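Colleague: Let's see this in three dimensions:
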Amino acid sequence: MKKLAAILLALTLSSPAMARDEFKVAWSIYVGWMPWGYAADEGIIDKWADKYGIKIDVVQINDYIESINQYTFGDFDACVMTNMDALTIPAASGVDSTALVVGSFSNGNDGLILKGADSLEAIKGQSINMVELSVTHYVLARALESIGLSERDVRVVNTSDADLVAVAANPNVTAVGTWNPLLNEILTMPDTNLVFHSGQIPGEVIDLLVVNTETIEQYPAFAKALTGAWYETMSRMMDGADTAADARTALGIAAGTDLEGYEQQLSTTEMFYLPADAVEFITSDTPLETMRRVAEFSFEHGLLGDGAPNAEFIGIETPAGIYGSPDNIKLRFTDRFARMAADGEL
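Modeller: Reported below is the predicted structural model:
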């Protein structure tokens, strides 16, 4: 009887009726992730999901970190996030995740602002209001490193992103770190100067769509549909496309601005409109070297978990190689599906 029960259980688990055909994607507002909402609104997601006989629900989450937490808990199959957050939240929590779509990188969207000084060197000894342990904090660390300083030379004042604009208007606040659109808004204030930005460390703040690795392996149709939908959306909004103005206007309005405001944000974002460009970036040494830096920063700030003995505790796999433990790979960069898009195989 036990043997029969085991056989019946195995047959049940392997039956087509148990196969999933519905998936959930979480996204939040940021210039490089707005296309996911547009793709859902315009029926592009449904078109590609129908092609592969599945359903994809794209859900906007207003709280960015909460969206990543929900993905980590298993409430979503995929979620937008930066490379650093992919490492320090799901990967550090033991969730094996894959960067399916490497959509862009910040090329000036994250930066440091000083009042009354136009040189980064003037930051020494100052208190800097920013979201502590965020990507902006990483940008600060890289900025300080570039002029031979360290975080011991400044004081980080943890400030919610919801409060940063109001805080920056305070005459007693002399240094702020943030990202767009807050960055541009603060720079409209008198006597403010952008003294360092992510464009000075290109390719280090990467905008991703991260998917549970097991889900990709079991349901490659999900990954194919998402990739196809992304690059169709890119074809509508890329420079020179007849549809670019309309698409970007819709994206700007959804982001709480207009065409001009969205164009301004795009000007400081390196978008990979073509899958071949994404493949070139993913297969280069840049993601591997960037993730080494990010892992070291994250370990130094206790973001890899209490059990992490060093920065190499979590393995990070890229086409150029592996950083960290090959026995504990929890974050992967793949060019598989972008390459399929580039070769017209989706």
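Colleague: so where is the protein shaky, pLDDT-wise?
Modeller: 1-18 (pLDDT under 70).
Colleague: Please enumerate the helices of the stretch 101-250 of the chain.
Modeller: For the stretch 101-250 of the chain, helices defined by DSSP state H, counting those that start in this stretch occupy the ranges 135-146, 164-168, 182-186, 213-218, 220-237, 244-254.
Colleague: Give me the residues contacting the first one.
Modeller: Defining contact as Cβ atoms under 8 Å, 6 or more residues apart in numbering, one finds that helix 135-146 is touched by 82, 84-85, 106, 110-112, 120, 123, 128, 130-131, 150-151, 153-154, 156, 177-179, 195-198, 200-201, 204-205, 293-294, 297, 301. In this view, the C-beta of every residue, glycine as well, is placed from N, C-alpha and C.
Colleague: from what I can see residue 60 touches residue 30, true?
Modeller: No - the pair residue 60 and residue 30 does not pass the contact test of Cβ atoms under 8 Å, sitting 11.4 Å apart.
Colleague: how much space is there between residue 310 and residue 96?
Modeller: Applying Cβ to Cβ, to the nearest Å, the value for residue 310 to residue 96 is 20 Å.
Colleague: In terms of packing, which of the two has more residues around it?
Modeller: residue 96 (18 against 11; other Cβ atoms under 10 Å).
Colleague: which stretches of the chain form strands?
Modeller: Using DSSP state E, the strands of the chain run over 22-27, 55-60, 78-82, 97-106, 110-115, 127-130, 155-158, 175-179, 192-197, 206-212, 269-271, 315-318, 321-323, 329-333.
Colleague: Output the ones you listed as JSON lines; include the columns distance to residue 36 and mean neighbour count.
Modeller: Output for the strands of the chain, formatted as JSON lines (distance: least, Cβ to Cβ, whole Å; neighbours: other Cβ atoms under 10 Å):
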{"stretch": "strand 22-27", "distance to residue 36": "4", "mean neighbour count": "20"}
{"stretch": "strand 55-60", "distance to residue 36": "6", "mean neighbour count": "18"}
{"stretch": "strand 78-82", "distance to residue 36": "7", "mean neighbour count": "29"}
{"stretch": "strand 97-106", "distance to residue 36": "9", "mean neighbour count": "26"}
{"stretch": "strand 110-115", "distance to residue 36": "20", "mean neighbour count": "24"}
{"stretch": "strand 127-130", "distance to residue 36": "26", "mean neighbour count": "20"}
{"stretch": "strand 155-158", "distance to residue 36": "29", "mean neighbour count": "14"}
{"stretch": "strand 175-179", "distance to residue 36": "18", "mean neighbour count": "27"}
{"stretch": "strand 192-197", "distance to residue 36": "25", "mean neighbour count": "18"}
{"stretch": "strand 206-212", "distance to residue 36": "7", "mean neighbour count": "26"}
{"stretch": "strand 269-271", "distance to residue 36": "13", "mean neighbour count": "20"}
{"stretch": "strand 315-318", "distance to residue 36": "23", "mean neighbour count": "23"}
{"stretch": "strand 321-323", "distance to residue 36": "28", "mean neighbour count": "17"}
{"stretch": "strand 329-333", "distance to residue 36": "19", "mean neighbour count": "23"}
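Colleague: Of those strands, give the one that comes closest to residue 341.
Modeller: Judged by Cβ to Cβ, the one of the strands of the chain that comes nearest to residue 341 is strand 97-106, at 9.7 Å.
Colleague: so the closest one versus helix 220-237, what angle?
Modeller: 10 degrees (axes from the mean of the first three to the mean of the last three Cα atoms, to 10 degrees).
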